[in-house]
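Q: Pasting a predicted model and its sequence here:
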Protein chains: 2
Amino acid sequence: MKIKVVKDILGANEQIAERNRQLLDSKGVFAVNLMSSPGAGKTSLILETIKRLKGKTKVGVIEGDVSSSLDAEVIAREGVPVTQINTGGGCHLDANMAYSALGNMPLQDIELLLIENVGNLICPAEFALGEHKKVVIPSIPEGDDKPFKYPLMFHKADVVLINKIDLLPHLKFDIQSFSQAIKGINEKVKIFQISCVTGQGIQEWTSWLLSQMSGR
Amino acid sequence: MKIKVVKDILGANEQIAERNRQLLDSKGVFAVNLMSSPGAGKTSLILETIKRLKGKTKVGVIEGDVSSSLDAEVIAREGVPVTQINTGGGCHLDANMAYSALGNMPLQDIELLLIENVGNLICPAEFALGEHKKVVIPSIPEGDDKPFKYPLMFHKADVVLINKIDLLPHLKFDIQSFSQAIKGINEKVKIFQISCVTGQGIQEWTSWLLSQMSGR
């Protein structure tokens, strides 16, 4: 009975997500859903991505948070369109929230839409928003056991960006077994090692984004 | 309507939590609910706490995870009673899960019960388990904006353990403004700075635990 209700909710969400995807496609917008633990570096990555892609594509951002608009304010300073979603306690974005936010975005002026999900490695994996690609951002300080503990998130990912790679010398973290564990769950996933502090891997990530956008 | 349903769920959870607390009290068990982001160091803290309290009090552990029993296996090696709860996708423990786990624990042989919640800064704050104290464990690499972004978690905490303090030299993190932000949300909260690598602050934390247990 409980499982039935959950299935209905997820089914309804999928339908709205599909409508969102059609809307994005009709406007020529490529959308990416960025998911991670709290503090893994989603906002820093968005800021770096905006800077690197300036003049190459037109970026817009949807910011998901339980409360506060701290991140949206930081991103707005970069001069890109940004809409804040506050879930008011909810631990993930859903397709309906994304639909409302899309209505506030100037989609005709956007080619790449970066959606920052709520900081959580669990429920965001279950709720499609209408995005074209799902990106998961684990970070070195979180430890190398995360693929085993949050398998659905890594299973659903199109790309994994291993962030804060600059902290590797200061921490116990087996990057090879970590990458192997991810590939074991999801052999098609693309993995980049990045740092928003040193800039390592950001070029590869933004090139991949542009190639995906032009290859549609 | 939606809010009504949520209230009913939380109300039912509170009732079961209260029963759990009565059961724990009748057995003389002091229970602590440990909450944090994924990878903030809950399991390492439990291991350190067990080691420091050996011979001083009898510890038991309930391990909450979405899936896997990695952490429970590590803790069992310390020779303390441990029960694993797998939420099967759920993003938090609830009082009913805790009740089932309590049935598997030798409560007569336990004085201090450490409950490791699922790695998530959002929903665990809403679901009491029957614990006597709530402990939140933010860590330095997550950044100093967390109290503003996850206010309910910090509002509900009895203790905040700022973990991975040894990484402070390698990261931008304003510990003073972080502590002030927490106090702004929750002026009665007790804050310790700790590191499970260097051992900093662990003595203060375990002394506080023992004082709370003897003061009941």
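A: Perfect, thanks for sending it. Just so you know, these numbers come straight off a predicted model, no measurement behind them.
Q: roughly how far out does the helix or strand bottoming out on mean pLDDT in chain A sit from the chain middle?
A: One helix or strand of chain A scores below all others by mean pLDDT, DSSP states H and E: helix A:2-26, with a mean of 88. When distances are taken as Cα atoms, centre = their mean, to the nearest Å, helix A:2-26 is centred 18 Å away from the chain's centroid.
Q: What residues of it count as buried?
A: Neighbour counts over helix A:2-26 (16 or more other Cβ atoms under 10 Å in any protein chain shown) mark A:13, A:16, A:17, A:20, A:21, A:23, A:24 as buried. Glycine gets a C-beta too; all of them are placed from N, C-alpha and C.
Q: The residue nearest to the spatial centre of chain A: which element?
A: Nearest to the mean C-alpha position of chain A, by Cα atoms, centre = their mean, lies residue A:34 at 0.6 Å. If you go by DSSP states H and E, residue A:34 is part of strand A:30-35.
Q: and the following helix or strand past that strand, what other elements does it pack with?
A: Once the chain leaves strand A:30-35, the next helix or strand it forms, by DSSP H and E, is helix A:42-53. Judged by 3 or more Cβ pairs under 8 Å, 6 or more residues apart in numbering or on different chains; DSSP states H and E, helix A:42-53 is in contact with strand A:30-35, strand A:59-65, helix A:70-76, strand A:112-116, helix A:202-214.
Q: For helix A:42-53, list every residue counted as buried.
A: Using 16+ other Cβ under 10 Å as the test for burial, helix A:42-53 gives A:42, A:43, A:44, A:45, A:46, A:47, A:48, A:49, A:50, A:52, A:53.
Q: Same check on stretch A:148-164?
A: For stretch A:148-164, a neighbour-count test (16+ other Cβ under 10 Å) marks A:148-154, A:156-164 as buried.
Q: and those residues near chain B, which?
A: A:148, A:149, A:150, A:151, A:152, A:164 (Cβ under 8 Å from any Cβ of the partner chain).
Q: For those, work out which two are farthest apart.
A: A:152 and A:164 (22.7 Å; Cβ to Cβ).
Q: how many other residues sit next to the residue lying closest to residue A:127 once chain neighbours are set aside?
A: Excluding the flanking residues, the one nearest residue A:127 by Cβ to Cβ, 6 or more residues apart in numbering or on different chains is residue A:94, at 4.7 Å. Using other Cβ atoms under 10 Å in any protein chain shown, residue A:94 is surrounded by 23 other residues.
Q: Residue A:94 reaches residue A:130, doesn't it?
A: No. Assessed by Cβ atoms under 8 Å, residue A:94 is found out of contact with residue A:130, at 10.4 Å.
Q: Need the overlap of contacts for those two.
A: residue A:16 (Cβ atoms under 8 Å, 6 or more residues apart in numbering or on different chains).
Q: CA atoms only: put the strand holding residue A:34 into PDB for me.
A: What follows is strand A:30-35, C-alpha atoms only, in PDB (Å, rounded to 0.1, in the frame of the first residue of the first chain):
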ATOM      1  CA  PHE A  30      20.100  21.800 -22.500                       C
ATOM      2  CA  ALA A  31      19.400  21.100 -18.800                       C
ATOM      3  CA  VAL A  32      21.700  19.500 -16.300                       C
ATOM      4  CA  ASN A  33      20.700  18.400 -12.800                       C
ATOM      5  CA  LEU A  34      23.500  18.800 -10.300                       C
ATOM      6  CA  MET A  35      23.300  16.600  -7.200                       C
END
